[in-house]
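Asker: Below are the sequence and a predicted model; questions follow.
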Amino acid sequence: MCGIAGIIDFNNKTIAESSLKRMIGLMNHRGPDDSGFYIGESAGLGQCRLSIIDLSSAGHQPMPDRSKTRWIVFNGEIYNFIELRDELMKLGHEFLSKNRYGGDPASLRRMGGRLRQKIQRHVGFCHLGRKEERTILFPGPFWHQALLLLSR
């Protein structure tokens, strides 16, 4: 199950962690095993996690890339994640855990527009790239995944 939340302030104001914590608190029943937060200059992400495949802390989210300039929160099921993982590993990406995502957020950028066609999913995620000042919101089919997003 899990739940993800994000706040983007287009006026470049600092995000209050307490706001994200309240949003995640509304979904805590969906992911009681772990929760995490990332607060950037004018954006923040939060996630509550139900641990199923990878019970370790390696699946903690929001998950950064190595440079800590891209972050992702993830919720759901990627049915073909083993095949996608193999393809990305051939391209040189490292995976930090055995969970359904577990990869470097830069891998999403590498797959680009092909991701929507390649991924067999019941999943939603938000990818926040500070360097590019770009956010990718990928809702699950029919919005079944709990996702809260506040923009101001």
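Answerer: Looks like it arrived, so ask away.
Asker: For residue 129, see how far away the residue nearest to residue 130 when sequence neighbours are not counted is.
Answerer: Excluding the flanking residues, the one nearest residue 130 by Cβ to Cβ, 6 or more residues apart in numbering is residue 69, at 4.8 Å. Where you see a C-beta, it was placed from the backbone N, CA and C, and this is true even at glycine. Going from residue 69 to residue 129 by Cβ to Cβ, to the nearest Å gives 7 Å.
Asker: ok, these two, which is more surrounded?
Answerer: When neighbours are counted by other Cβ atoms under 10 Å, residue 129 comes out ahead of the other of residue 69 and residue 129, with 19 against 15.
Asker: Report pLDDT for the more buried one.
Answerer: For residue 129, the model assigns a pLDDT of 77.
Asker: okay but it is in contact with residue 68, surely?
Answerer: No. Contact status for residue 129 versus residue 68: not in contact, 11.5 Å apart, counting by Cβ atoms under 8 Å.
Asker: before we move on, could you check phi and psi at the residue nearest to residue 130?
Answerer: For residue 69, the backbone dihedrals (degrees, to the nearest 10) come out as phi -110, psi -10.
Asker: Look at it and report its pLDDT.
Answerer: As predicted, residue 69 sits at a pLDDT of 82.
Asker: Report pLDDT for residue 19.
Answerer: Residue 19 carries a pLDDT value of 91.
Asker: no wait, residue 42
Answerer: 85.
Asker: From residue 87, how far out is it?
Answerer: Applying Cβ to Cβ, the value for residue 42 to residue 87 is 34 Å.
Asker: Likewise for residue 65?
Answerer: Using Cβ to Cβ, one gets 18 Å for the distance from residue 65 to residue 87.
Asker: On the three-state scheme, residue 15 is what?
Answerer: Following DSSP: H, G, I helix; E, B strand; the rest coil, the label given to residue 15 is coil.
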